[in-house]
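Asker: need a structure here:
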Amino acid sequence: MQVVFDTKTLPVAKRRQAWREAICEIYLQVDCAAETQSDYSGFVREARLGAVTLTDTLLSPQSVRRESRHISHFDKDCYYVGIEHIGAVDIRQARGSSVLRPGMGSLYYANEPYELRCDVKSRQFWIELPRRAFDTRFESGRPPLLTHFSLSHGLGRIVADFCATLAAEGENIDAKPREKLGEQLMDLLALTLVAEPERQSADEDSVQRARLRSVQAYMEANLGDPNLSLSTVAHHNGISLRYLHVLFRAANMSASEWLRLRRLQRCHELLTSPRHAGKSITEIAYSMGFSSSSHFSNLFRAEYEVRPSDVRPTCAGVRPVRDTPSR
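Answerer: Residues are numbered from 1 along each chain as shown. Presented below is the predicted three-dimensional model:
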């Protein structure tokens with residue numbers, strides 16, 4: 001693929017600003033707000049396949065916004081399809097929103113205002129599709145926007161593999177065959193977007209449930225860390241903070257509520273276990289990430305309608321440790 005821009009060619013101190021000027025203001029014509037960091041990294045490589053352009057992109061955390069003023073100077077009428085390799089990108093448009101992540105692809109329209117946001121370093125293929133040519137491939141006259149499609153099986157898997165092959169071999173193919181390959185890529189994408197929508201919806205639910213279990217397992221393993229934050233959870237799981245909140249909709253509670261409840265449940269288990277009768281209530285609270293014994297007691301009473309001391313074992317031979325000496 002042809003290298004459009006790569007921050008590695010620049011001094012570290014100039015990379016972030018150069019990315020904004022070269023990619024956001026010229027190549028894409030968008031507003032770009034990148035996180036302040038000393039070692040910004042990113043690249044854009046592209047392969048032209050006739051009217052279709054395939055890019056391989058590495059992004060550092062940032063938000064990209066295209067507004068009406070950008071569109072008025074944008075000389076293309078196109079869609080973008082994203083295929084995520086690493087990390088996650090939130091796509092927001094007036095029609096709705098979508099989260100691009102490994103195993104799933106999505107499509108949006110470039111000539112309507114939109115926002116892209118990635119909270120972690122991410123890498124993806126972007127496929128630029130001419131709108132008029134792509135619209136003719138749908139009976140409705142327009143593709144379904146911001147709809148996920150699975151890349152793990154069937155047509156979606158073929159699309160992902162096809163893109164990877166085009167990225168690797170495109171430079172070795174003459175212009176005329178490349179143009180035909182671009183047409184074939186549009187055909188494959190159109191078939192993928194209309195094929196088995198119910199199955200794709202089920203796959204999406206399955207992916208979200210599996211990701212939620214993985215995130216919850218990480219949180220469970222780190223309940224005792226008082227510095228565990230939702231941003232940390234999202235970062236260590238390679239997802240955005242926004243997508244973390246989306247995942248927990250399936251749990252019918254927010255991520256922070258789930259974390260607080262699991263800490264309280266573990267404290268309840270420890271408080272009622274004779275094996276831990278030698279630990280004070282404060283020690284148990286601190287061991288599960290609470291930094292204030294009074295705050296823990298208030299949360300415990302709100303959840304269980306009893307004081308933490310009320311659930312301690314009273315069987316013979318067991319003398320639970322108190323936080324204050326009895327008089």
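Asker: alpha carbons only for contacts and neighbour counts from here, please
Answerer: Fine.
Asker: For whatever helix or strand Tyr108 lives in, which helices and strands make contact with it?
Answerer: Remark: Tyr108 resides in strand 104-109, with elements defined by DSSP states H and E. In terms of contacts (3 or more CA pairs under 8 Å, 6 or more residues apart in numbering; DSSP states H and E), strand 104-109 is packed against strand 78-86, strand 149-150.
Asker: which one of those strands has the most crowded surroundings?
Answerer: Mean neighbour count (mean count of other CA atoms under 10 Å) peaks for strand 149-150 among these, with a mean of 26.
Asker: what residues go with each domain of this protein?
Answerer: Following automatic domain parsing, the chain resolves into domains at 2-195, 204-311.
Asker: a markdown table for those, including mean pLDDT?
Answerer: Below are the domains of the chain laid out as a markdown table (pLDDT from 0 to 100):
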| stretch | mean pLDDT |
| --- | --- |
| domain 2-195 | 84 |
| domain 204-311 | 87 |
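Asker: ok so, going back, give the pairing partners of the strand holding Tyr108; include direction for each.
Answerer: Here strand 104-109 has these sheet partners by DSSP bridges: strand 78-86 (antiparallel), strand 149-150 (antiparallel).
Asker: Turn the helices and strands packed on strand 104-109 into a markdown table, columns for distance to Gln208.
Answerer: Formatted as a markdown table, the helices and strands packed on strand 104-109 follow (distance: least, CA to CA, whole Å):
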| stretch | distance to Gln208 |
| --- | --- |
| strand 78-86 | 15 |
| strand 149-150 | 12 |
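Asker: Of all those strands, which one comes closest to Glu269?
Answerer: Distance to Glu269, taken as CA to CA, is lowest for strand 78-86 among the helices and strands packed on strand 104-109, at 37.9 Å.
Asker: quick one: that closest one to chain centroid distance?
Answerer: Relative to its chain's centre, strand 78-86 lies at 13 Å (CA atoms, centre = their mean, to the nearest Å).
Asker: same for the helix or strand following that strand, what does it pack against?
Answerer: Following strand 78-86 in sequence order, the next helix or strand is strand 89-93 (DSSP H and E). Packed against strand 89-93 by the contact rule (3+ CA pairs under 8 Å, 6+ apart) you find strand 96-100, strand 114-118.
Asker: Go through the first one and flag the buried ones.
Answerer: In other words, strand 96-100. 97-100 (16 or more other CA atoms under 10 Å).
Asker: what's the closest of those residues to Arg263?
Answerer: Nearest member of those to Arg263, counting by CA to CA, is Val99, at 29.0 Å.
Asker: In this structure the closest one contacts Tyr243, no?
Answerer: Yes. The criterion here is CA atoms under 8 Å, and Val99 meets it with Tyr243 at 6.8 Å.
Asker: what touches both of those two?
Answerer: Residues within reach of Val99 and of Tyr243 at once, by CA atoms under 8 Å, 6 or more residues apart in numbering, are Asp90.
Asker: CA atoms of stretch 156-170 as PDB?
Answerer: Extracted C-alpha coordinates of stretch 156-170, given in PDB (Å, rounded to 0.1, in the frame of the first residue of the first chain):
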ATOM      1  CA  GLY A 156     -18.300 -10.900   6.400                       C
ATOM      2  CA  ARG A 157     -15.300 -13.200   6.800                       C
ATOM      3  CA  ILE A 158     -14.800 -13.200   3.100                       C
ATOM      4  CA  VAL A 159     -14.900  -9.300   3.000                       C
ATOM      5  CA  ALA A 160     -12.300  -9.100   5.800                       C
ATOM      6  CA  ASP A 161     -10.000 -11.600   4.100                       C
ATOM      7  CA  PHE A 162     -10.500 -10.000   0.700                       C
ATOM      8  CA  CYS A 163      -9.500  -6.600   2.200                       C
ATOM      9  CA  ALA A 164      -6.400  -8.000   3.800                       C
ATOM     10  CA  THR A 165      -5.300  -9.600   0.500                       C
ATOM     11  CA  LEU A 166      -6.000  -6.400  -1.400                       C
ATOM     12  CA  ALA A 167      -3.900  -4.500   1.100                       C
ATOM     13  CA  ALA A 168      -1.000  -6.900   0.800                       C
ATOM     14  CA  GLU A 169      -1.100  -7.500  -3.000                       C
ATOM     15  CA  GLY A 170      -2.700  -4.300  -4.500                       C
END
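Asker: Fine by me, we can end here.
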